[in-house]
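S.K.: give me a 3D structure for the following:
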Amino acid sequence: MGNRQFWVYILASASGNAMYIGVTNNLENRLQSIDPARAVSSPSNIA
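M.R.: Sure thing, here's the model as predicted:
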């Protein structure tokens, strides 16, 4: 079984009214699916 890599992400809206926390195995695709004008991201790599 190969190594699998997952990312934990925390996204907050620019207004601060919403926060999203999640886990994904494809961070690039996940961040592209979010409107960058509405979110600030701080991903942490979990090995």
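S.K.: which residues of this protein fall in helices?
M.R.: When assigned using DSSP state H, the helices of the chain occupy the ranges 27-32.
S.K.: tell me which stretches of it form strands.
M.R.: Using DSSP state E, the strands of the chain run over 6-13, 19-24, 39-41, 44-46.
S.K.: buried residues in the first one?
M.R.: What it means is strand 6-13. The neighbour-count check on strand 6-13 (16 or more other Cβ atoms under 10 Å) flags 7, 9, 11, 12 as buried. Glycine gets a C-beta too; all of them are placed from N, C-alpha and C.
S.K.: correct me if wrong: residue 4 contacts residue 25.
M.R.: Yes. At 6.6 Å, residue 4 counts as touching residue 25 under the criterion of Cβ atoms under 8 Å.
S.K.: more neighbours: which of the two?
M.R.: residue 25 (10 against 6; other Cβ atoms under 10 Å).
S.K.: chain neighbours aside, what residue packs nearest to the more buried one?
M.R.: Spatially, and ignoring its direct neighbours in sequence, residue 25 is nearest to residue 6 (5.3 Å; Cβ to Cβ, 6 or more residues apart in numbering).
S.K.: give the rounded mean pLDDT of stretch 5-17.
M.R.: Throughout stretch 5-17, pLDDT has a mean value of 84.
S.K.: equivalent analysis for stretch 27-35, please.
M.R.: Stretch 27-35 comes out at a mean pLDDT of 76.
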